[in-house]
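1. What shape does this take:
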Amino acid sequence: MAIKNLKILYKERHGELPDWINFAFELGSYIQSHGLKKGHMTIALSIPGEQYFPLFIAMGIANEVYSVNKKSRSIKEQILGLEQGNRIIFQDEESSRRVSVLSVEPSPVFENEMILWIQDGQIDRRGIPEKDWIGKIILLDEELDEVKRSRRVSDKQKLGLEGNGLLSGLYTSSQLNKVSFYPGDYFYIIGSISKISEDIDVKIFTHNNVEGALKDFLYMDNSNSYTNGKMFSSRMNRNKLHIDGKIPVIYTDLNSYIKQSRHFRKNPKFIIFSRSDNESRVQEVQEDLKREILQKGYDIVTPELVDYLKAGNTPIPNGIEFMAWR
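-> Model prediction:
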């Protein structure tokens, strides 16, 4: 797992990642690689304190996405589906910029190869041969068939991931280029927007003398053309949202679960109990989960999760209890 190569940054000192952070990473990895395949899964955890823990789970999910090598054939199919007028991001030695698609045609030079023709600024036509597509093109999310969202890319956004020094030290250029083709939502985080925004901005990591924050891994706003998740307020109005029932939900606290769980009943989810939670809230959530498990006949799969952790030599930190079912 690439993110386990990070060092923790604390008061200008560097240290190994503590067990509880690696544990959170593995939970995210597990839900992304195993928990989405056999129906929706719920993992409930009791931890000493919740600060950062939900975000480290999201980092584990993001790491799985960054580490997967998307097949070049799939990328080619996306580009072949582009039409005249579609907007894409073109990257060369000078800059990254938005350009318009003119056409995709057989190459006049190389047999059995395609060429993408674009309108690049004042230049009438520029041809991008198929062999350069991965390194030079990023598809904007509104042009992807598999990603349907209303948010569009603005001129103030950063383009792609290769300019991120921390990610570039952990993942290959090819991995980051391929991931940039597939912006989308791989997790939802529900809680206090101001608190989440504050936490992801704190520099807590270092790798090869490059310091970074959670926001280097989690793209949940409009700061970059790439996105990998969404954060929702515990006070949100469900009527204004489109929710994908297959995307894992991470509740940052019990209050978020109590207020919003009815909108995410079909989603895989993490429910986090903190030792500091109000006792009445703990009892309310426990009763709700007990009814869900008994009435719907879920299977307890905690041993499966424990086996996964053991296989990855991931110790369960002292003070953390959990239960999983699907």
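2. what helices or strands is the lengthiest strand in the chain leaning on?
-> Determined from DSSP state E, the single longest strand within the chain is strand 96-106. With contacts defined as 3 or more Cβ pairs under 8 Å, 6 or more residues apart in numbering; DSSP states H and E, the packing partners of strand 96-106 are strand 87-91, strand 114-120. (Glycine included, C-beta is placed from N, CA and C.)
3. least reliable of the ones you listed going by mean pLDDT?
-> Lowest mean pLDDT within those: strand 87-91, a mean of 83.
4. Next one: the closest residue to R98 other than its chain neighbours from L161, what distance?
-> Spatial nearest neighbour of R98, excluding adjacent residues (Cβ to Cβ, 6 or more residues apart in numbering): R87 at 5.5 Å. According to Cβ to Cβ, to the nearest Å, R87 stands 19 Å off from L161.
5. Counting neighbours, go ahead and name the busier of those two.
-> Using other Cβ atoms under 10 Å as the criterion, R87 and L161 rank with L161 on top: 24 against 16.
6. what sits against the more buried one?
-> Contact analysis of L161 by Cβ atoms under 8 Å, 6 or more residues apart in numbering lists 167, 176, 179-180, 224, 226.
7. can you tell me which of those residues are in strands?
-> Per DSSP E, those never map to strands.
8. Among the residues you listed, which one lies nearest to K246?
-> Distance to K246, by Cβ to Cβ, is smallest for V179 among those, at 19.0 Å.
9. Just the local confidence number for the closest one, please.
-> 78.
10. my read: it touches S67, true?
-> No - the criterion here is Cβ atoms under 8 Å, and V179 misses it with S67 at 9.1 Å.
11. got any residues that touch both of these two?
-> Y171.
12. between those two, who's got more neighbours?
-> Using other Cβ under 10 Å, the more surrounded residue of V179 and S67 is V179, with 23 against 17.
13. Can you get me a residue count around Q175?
-> 20.
14. Tell me the spacing between it and G49.
-> 33 Å.
15. next one: D299
-> D299 is 30 Å from G49, by Cβ to Cβ.
16. same deal with I88?
-> Counting by Cβ to Cβ - I88 and G49 are separated by 44 Å.
17. so how many other residues sit close to F110?
-> F110: 12 surrounding residues under other Cβ under 10 Å.
18. and it, helix, strand or coil?
-> coil (DSSP: H, G, I helix; E, B strand; the rest coil).
19. Over to G163?
-> Under three-state DSSP, G163 comes out as coil.
20. Name the spans of this structure whose pLDDT lies under the cut-off.
-> The chain contains residues with pLDDT under 70 at 37-39, 68-75, 93-94, 122-123, 140-157, 159-160, 162, 181-182, 238-240.
21. Helices of that one, residue ranges please.
-> Ranges of helices within the chain are 19-33, 53-67, 72-80, 133-136, 165-170, 173-180, 193-200, 254-260, 279-296, 302-311, based on DSSP state H.
22. what packs against the fourth one?
-> Put plainly, it is helix 133-136. helix 72-80, strand 87-91, helix 173-180.
23. Format these as TSV; extra columns: distance to Y251.
-> Output for these, formatted as TSV (distance: least, Cβ to Cβ, whole Å):
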stretch	distance to Y251
helix 72-80	32
strand 87-91	34
helix 173-180	26
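24. So for L305, which of those sits nearest?
-> Set against L305 and scored by Cβ to Cβ, the helices and strands packed on helix 133-136 come closest in helix 173-180, at 26.3 Å.
25. Return the residues in contact with the residue nearest to F273 when sequence neighbours are not counted.
-> Nearest residue to F273 in three dimensions, chain neighbours excluded: S46, at 4.3 Å (Cβ to Cβ, 6+ apart). Contact partners of S46, counting by Cβ under 8 Å, 6+ apart, are 273-275, 320-322.
26. Filter those residues down to the buried ones.
-> Taking 16 or more other Cβ atoms under 10 Å as the criterion, what is buried in the contacts of S46 is 273-274, 322.
27. All good on my end, thank you.
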